[in-house]
Each structure stands twice: as structure tokens, then as C-alpha cells.
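In: Have a look at this prediction, sequence included:
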Amino acid sequence: MTNPDKAFKVVLLLNGSYHAVKEMNVKTVELHYKKPKDGVHFIDITRQVEHTIVDSKMNDGIAIIHAHNPNTCITTMEFEPGSIKDMHHALKNMIPKKGAKGKRIAHGKDVRPSLIGSSIAVPFKDNREMLGKWQKVILMDFDGREDEKKVIVQMMGE
């Protein structure tokens with residue numbers, strides 16, 4: 001789902017004086033993913049984000065990528081088996097089996113997204129995302145209950 005393009009003017013205030021009025025465009029797109037099965041999943045969504053930026057027809061700007069569902073988060077990382085295994089291991093070691101009140105934590109699925117974050121910002125230039133050579137945009141899903149996950153990509157630029 002895409003919203004109609006919106007534009008707003010940006011006025012810069014420098015040293016007490018107003019400068020350069022620019023018109024910035026805003027476009028919001030929803031990406032939907034079907035979860036294959038229960039358990040923790042790491043999904044590379046880099047290509048979909050790239051296509052969304054290209055389709056926006058904006059040359060320069062920033063894309064905010066937001067994981068909409070609870071128990072999901074967004075990060076950038078090298079998407080290869082060793083890195084994924086390392087991330088699983090790090091998250092498992094960071095979250096104890098029992099919480100502060102001695103109750104069992106439900107596999108940390110409610111805690112992990114808070115540690116990693118639900119949104120990232122990715123700049124783009126010349127209508128292309130500006131990620132590092134091995135960086136990928138990763139949707140991390142810790143919840144087995146919902147079949148469909150939603151990621152919101154909001155681009156602001158010119």
C-alpha cells in the first residue's frame with residue numbers, strides 16, 4: 001500500500017537568518033512478508049527496500065525502515081550463515097532465562113526488539129541506497145504467532 005506523494009518545504013535557519021527553501025517529497029510504502037514457520041527468522045529485505053527507493057523517483061534523501069509488528073525489529077548486518085549464528089548466540093547470551101522477578105522470560109522475544117530497535121535510517125543518493133559493501137537490511141522476527149509481517153518504508157527527499 002502506498003500513500004499519495006506529499007511535499008513540504010524546508011526552510012533552513014542559519015545564524016538567525018532564513019535561507020534556502022527546498023521542496024521535499026515524502027512517500028510511504030508498506031512491504032508485506034509471509035513467515036514460513038514458527039521460530040526466529042532473519043529475512044533479507046534489502047532488494048525490496050532498493051526497489052522502493054528506485055520506484056520513489058527521488059534522487060537524494062533518507063529512507064526510514066520500520067518493523068511494524070511487535071516482536072520484530074530491523075537492523076543492518078552481513079547476511080551470511082556465520083553472522084546470523086553469531087547474532088543468535090549474542091542475543092541468547094544477553095537475555096537470561098528468568099527476569100528480574102524470577103519469572104521465566106518468553107524466550108526473550110519481547111525483549112530482543114527493544115535491544116535491536118524497530119527502525120533504521122538509510123540514506124540514498126542518485127536514487128540508490130547507500131549501504132556498505134556487505135551491509136544488508138534485515139527484518140528479524142522473533143514471534144511465531146502472526147503469519148504476515150509488515151515493514152513500513154518512508155522516504156523523504158528530492
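Out: On my side now, so go ahead.
In: State the pLDDT value of I152.
Out: pLDDT for I152: 97.
In: Which of the helices or strands spans it?
Out: strand 148-157 (DSSP states H and E).
In: repeat for Q48
Out: Going by DSSP H and E, Q48 is part of helix 46-56.
In: where does this protein have low pLDDT?
Out: 1-21, 36-38, 96-110, 144-146 (pLDDT under 70).
In: Mind jotting down where the helices sit in it?
Out: For the chain, the helices defined by DSSP state H occupy 46-56, 81-94, 112-116.
In: Same list, those helices, but as CSV with distance to K22 and mean neighbour count please.
Out: Using the backbone N, CA and C atoms, a C-beta is placed for each residue, glycine as well. Conversion of the helices of the chain to CSV gives the following (distance: least, Cβ to Cβ, whole Å; neighbours: other Cβ atoms under 10 Å):
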stretch, distance to K22, mean neighbour count
helix 46-56, 17, 18
helix 81-94, 39, 12
helix 112-116, 33, 16
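In: So for W134, which of the ones you listed sits nearest?
Out: Taking Cβ to Cβ, helix 81-94 is the member of these nearest to W134, at 8.9 Å.
In: Tell me which other helices or strands the closest one touches.
Out: Using 3 or more Cβ pairs under 8 Å, 6 or more residues apart in numbering; DSSP states H and E, the elements in contact with helix 81-94 are helix 112-116.
In: List the contacts of the helix it packs on.
Out: Residues outside helix 112-116 that contact it (Cβ atoms under 8 Å, 6 or more residues apart in numbering) are 67, 70-75, 91, 94-95, 140, 142.
In: Tell me which residues of the lengthiest strand in the chain come out buried.
Out: For the chain, the strand with the greatest residue count under DSSP state E is strand 17-34. Across strand 17-34, burial judged by 16 or more other Cβ atoms under 10 Å covers 25-29, 31, 33.
In: name the helices or strands packed onto that strand?
Out: Using 3+ Cβ pairs under 8 Å, 6+ apart, strand 17-34 is in contact with strand 6-14, helix 46-56, strand 148-157.
In: Need these in JSON lines (columns: distance to R128).
Out: Shown next, in JSON lines, are those (distance: least, Cβ to Cβ, whole Å):
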{"stretch": "strand 6-14", "distance to R128": "22"}
{"stretch": "helix 46-56", "distance to R128": "7"}
{"stretch": "strand 148-157", "distance to R128": "12"}
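In: Let me see the contact set for I138.
Out: With Cβ under 8 Å, 6+ apart, I138 has these contacts: 42-45, 74-77, 79.
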